[in-house]
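S.K.: how would this look folded up:
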Amino acid sequence: MPGPGSYIIGKEEIREVMDVLESGHLFRYGDLNDPGFKQKVYTLEHEFARYVGTGHALATSSGTSALMLPLMALGARPGDEVIVPAYTFVSSYTAIIFSGFTPVLAEIDESLTIDPADSRNRITGRTRAIMPVHMLGNPCQMDEIMKIAGEHDLEVIEDCCQAAGASYQGKKLGSIGKAGGFSLNVFKVITAVDGGLITTGDPEFYDHIFGLHDQGHSPDRAGVQVGGRSILGLNFR
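M.R.: Below you'll find the predicted structure:
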C-alpha cells in the first residue's frame, strides 16, 4: 500500500504541480534570474541539504539511482565488495551489483538493521564500503558502523530510502556516512510519486556524483548551458 507521503497530497501539492505546468518550464534547469522559471528541483536540493545538515543534496530519478550513484563514484574494481544487510529491499542489492560491486550479506539485530558485529566479521581484503539500511525508519547503530569503517578505511553509504527525517544521536540520517540515498516514491515518508535524493558533505564527491547523474556535467549548473565534461555520465535526472 502507498506510504504516508501519499496520504497528505492535497491542494498545496496540486498548486505546486500546476505552477510548473503553467510556467512552461518543464526542464529541471533554467535561468535562475528568469521569474518564469520556478526552479523547484534546485530549491528542493538546497532546502533538503539544509534540513539534513549536509552541504549538498542532489535530486535523482529514483531511490535506486540515489544509492547507485554514490557507489559508482567510489569506482569499483573487479572483485570489490560492499557489505549490506540481508534484510532490505532488493534495490540495495541491485544498486551494488550494477555499480560493479559484489554484495556481501550481513545479519541484522533486533532493530531490523545491520548488526555491526556481524558486519565486522564480513570484512575481507576486497571490502570497499558498508551500506547500512535504516529499515522501516529505524536508524542503524551508526557510531559502531562508522568506527568499524574507520578502522578498515571503508566508505559508508547510508540507505535512507525508508527513513527520511529520522535521526541518530541528534544527527539526521544521511549526514553521517560519505553519502545518503533517499527515495521519494509513492511508498515512502515523503513522495514526489517517484524520484530520489542524495546527500553528502563532501564537495568533491558531490561534483563527481553530479557529473555521473547528468551526462558528465560538472560542476553543478543552474542554467541549460553545457558545462565541462571531465567524466562520462548517464541520465539519472
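S.K.: so what's the residue positioned nearest the centre of the chain bridging to?
M.R.: Centroid check for the chain by C-alpha atoms, centre = their mean gives Gly181 as the closest residue, at 1.9 Å. Beta-bridge pairing for Gly181 (DSSP bridges): Asp159, Ile198.
S.K.: could you report the distance from it to Ala192?
M.R.: 15 Å (C-beta to C-beta, to the nearest Å). (Glycine included, C-beta is placed from N, CA and C.)
S.K.: same question, Gln169
M.R.: Counting by C-beta to C-beta - Gln169 and Ala192 are separated by 29 Å.
S.K.: one more: Gln215?
M.R.: On the measure of C-beta to C-beta, Gln215 and Ala192 end up 22 Å apart.
S.K.: so which of the two has more stuff around it?
M.R.: Ala192 (20 against 17; other C-beta atoms under 10 Å).
S.K.: give me every residue that touches the closest residue to the more buried one other than its chain neighbours.
M.R.: In space, and not counting its chain neighbours, Ala192 is closest to Leu184: 4.3 Å by C-beta to C-beta, 6 or more residues apart in numbering. Applying C-beta atoms under 8 Å, 6 or more residues apart in numbering to Leu184 gives the contacts 5, 63, 190-197.
S.K.: again, but for Met146
M.R.: 156, 176-177.
S.K.: again, only using 7 Å
M.R.: Shown in contact with Met146 (C-beta atoms under 7 Å, 6 or more residues apart in numbering): 156, 176.
S.K.: please identify which helix or strand holds it.
M.R.: In this assignment (DSSP states H and E), Met146 forms part of helix 142-152.
S.K.: on that earlier part again, filter the contacts of Leu184 to the buried ones?
M.R.: For these, a neighbour count by 16 or more other C-beta atoms under 10 Å gives the buried set as 5, 63, 190-192, 195-197.
S.K.: my read: Leu67 touches Phe182, true?
M.R.: No: at 9.3 Å, Leu67 does not count as touching Phe182 under the criterion of C-beta atoms under 7 Å.
S.K.: more neighbours: which of these two?
M.R.: Counted by other C-beta under 10 Å, Leu67 and Phe182 do not tie: Leu67 has more neighbours, with 34 against 30.
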